[in-house]
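Student: Provide a 3D model corresponding to the input given below.
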Amino acid sequence: IASGHSWTEGPLWIEEGNYLLFSDIPKNKIFKFDSDGKTTEFLYPAGYTGDVGRGGEIGSNGLLLNQDGDLVLLQHGDRRIAKMDATLNHPQPKYITLVDRYNGKKFNSPNDAIFDNDGNLYFTDPPYGLQDGVNDLAKELDFQGVFCLKTSGELKLIDTLTRPNGIALSHDGSKLYVAVSDPEHAVWYRYDVVAPGTVKNRTLFFDVTDLVGIKGQQGLPDGMKMHSKGYLFATGPGGVWVFNGKGVPIARIFTGEATSNCAFSKNEKTLFMTADDYVLRMDLK
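Tutor: Residues are numbered from 1 along each chain as shown. All right, here's what the predicted structure looks like:
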């Protein structure tokens with residue numbers, strides 16, 4: 001449904017307007033795909049608001065709505081999670097920082113996030129938005145974390161992983177899923193959530209390390225969404241993997257491109273996928 005972008009991410013369906021938002025990270029923009037089939041620029045700059053020109057993946061990545069309907073952005077370049085200080089009907093690149101550091105040290109580049117049913121925000125912080133990645137001199141944290149920003153304002157470190165990326169919750173909030181986009185250890189983990197920001201029993205949900213680098217299996221574990229019926233739609237080698245609650249893959253959607261993320265329409269009849277320079281759409285039963 002859209003092509004010619006640089007690297008698409010963060011698909012978010014806006015039910016009230018009947019349109020899809022998505023990030024183009026290198027372009028530092030958010031685009032809008034509307035019901036007429038047109039793609040237009042929605043927001044710029046979306047992830048890096050600095051004056052000094054810099055390369056790399058500087059734009060926004062994950063996009064989501066908070067309980068008030070505000071647009072929340074994971075901003076690679078500004079190394080923070082922010083809320084757009086404007087309405088969706090009249091977007092402006094004005095932002096309010098929600099969180100940008102842990103123990104006084106700036107995040108690497110917040111990547112993807114999910115709100116639980118009470119408004120606590122779980123998110124990942126890999127190094128992809130730093131110009132030189134994990135070796136960037138501007139990197140302040142000596143780890144890549146999974147965090148929870150609680151509604152109280154408390155920030156909790158949940159885990160440290162080599163490349164934490166996509167993140168999802170079961171609909172009852174009892175299970176947390178995290179994708180690890182490390183070519184040396186390409187896996188999904190599942191945790192038991194015992195309280196907001198507190199997890200235990202990290203278990204290996206599924207391992208696809210053996211597929212990394214194989215022709216036709218482009219991509220790594222990345223963004224994912226939980227279906228209301230308990231199926232996890234997770235981007236990974238080859239496209240989108242569909243898992244049941246036991247961690248068994250029951251279907252795969254081959255996209256032919258490295259696929260970064262996915263999102264459902266509100267009625268879950270449509271799956272949107274961001275894949276390399278494309279945005280794809282697939283009808284679901």
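
Student: identify the residues contacting the residue nearest to Leu65 when sequence neighbours are not counted.
Tutor: Leaving aside its sequence neighbours, Leu65 sits nearest to Leu71 (C-beta to C-beta, 6 or more residues apart in numbering; 6.5 Å). For the C-beta atoms, the positions are set from N, CA and C on the backbone; glycine is no exception. By C-beta atoms under 8 Å, 6 or more residues apart in numbering, Leu71 lies in contact with Leu21, Leu63, Leu64, Leu65, Lys83, Met84, Leu88, Pro91.

Student: among the residues you listed, which are in strands?
Tutor: Applying DSSP state E to the contacts of Leu71, the entries found in strands are Leu21, Leu63, Leu64, Leu65, Lys83, Met84.

Student: chain neighbours aside, what residue packs nearest to Gly219?
Tutor: Spatial nearest neighbour of Gly219, excluding adjacent residues (C-beta to C-beta, 6+ apart): Ala258 at 3.9 Å.

Student: help me confirm that the one you found comes into contact with Tyr278.
Tutor: No - contact criterion C-beta atoms under 8 Å: Ala258 and Tyr278 do not qualify, at 10.3 Å.

Student: distance check, the residue nearest to Leu65 against Val248.
Tutor: For Leu71, the distance to Val248 equals 35 Å [C-beta to C-beta, to the nearest Å].

Student: now do stretch 8-22: distance to the chain's middle.
Tutor: Counting by C-alpha atoms, centre = their mean, to the nearest Å, stretch 8-22 is centred 13 Å from the centre of its parent chain.

Student: pLDDT of it, averaged?
Tutor: Average pLDDT, stretch 8-22: 97.

Student: buried ones in it?
Tutor: For stretch 8-22, the neighbour count (16 or more other C-beta atoms under 10 Å) marks Thr8, Glu9, Gly10, Pro11, Leu12, Trp13, Ile14, Tyr19, Leu20, Leu21, Phe22 as buried.

Student: quick one: terminal-to-terminal distance for it?
Tutor: 7 Å (C-alpha to C-alpha, to the nearest Å).

Student: likewise stretch 217-229?
Tutor: End-to-end for stretch 217-229, by C-alpha to C-alpha: 27 Å.

Student: residues near the residue lying closest to Glu154 once chain neighbours are set aside, how many?
Tutor: In space, Glu154 comes closest to Gly197 once its chain neighbours are excluded; the distance is 7.2 Å by C-beta to C-beta, 6+ apart. Burial measure for Gly197: 20 neighbouring residues, criterion other C-beta atoms under 10 Å.

Student: same check, this time on Asp277
Tutor: Neighbours around Asp277, by other C-beta under 10 Å: 15.

Student: that one and His5, how far apart?
Tutor: Asp277 is 5 Å from His5, by C-beta to C-beta.

Student: give me the neighbour count for the residue nearest to Gly236 when sequence neighbours are not counted.
Tutor: If the residues on either side of it in the chain are set aside, Gly236 comes closest to Pro221, at 4.8 Å by C-beta to C-beta, 6+ apart. By other C-beta under 10 Å, the residues close to Pro221 number 31.

Student: tell me how many other residues crowd Ile167.
Tutor: 22.

Student: I figured it hits Phe115, correct?
Tutor: No - assessed by C-beta under 8 Å, Ile167 is found out of contact with Phe115, at 10.7 Å.

Student: give the intersection of the neighbour lists for those two.
Tutor: Any residue near both Ile167 and Phe115 by C-beta under 8 Å, 6+ apart counts here, and that gives Tyr122.
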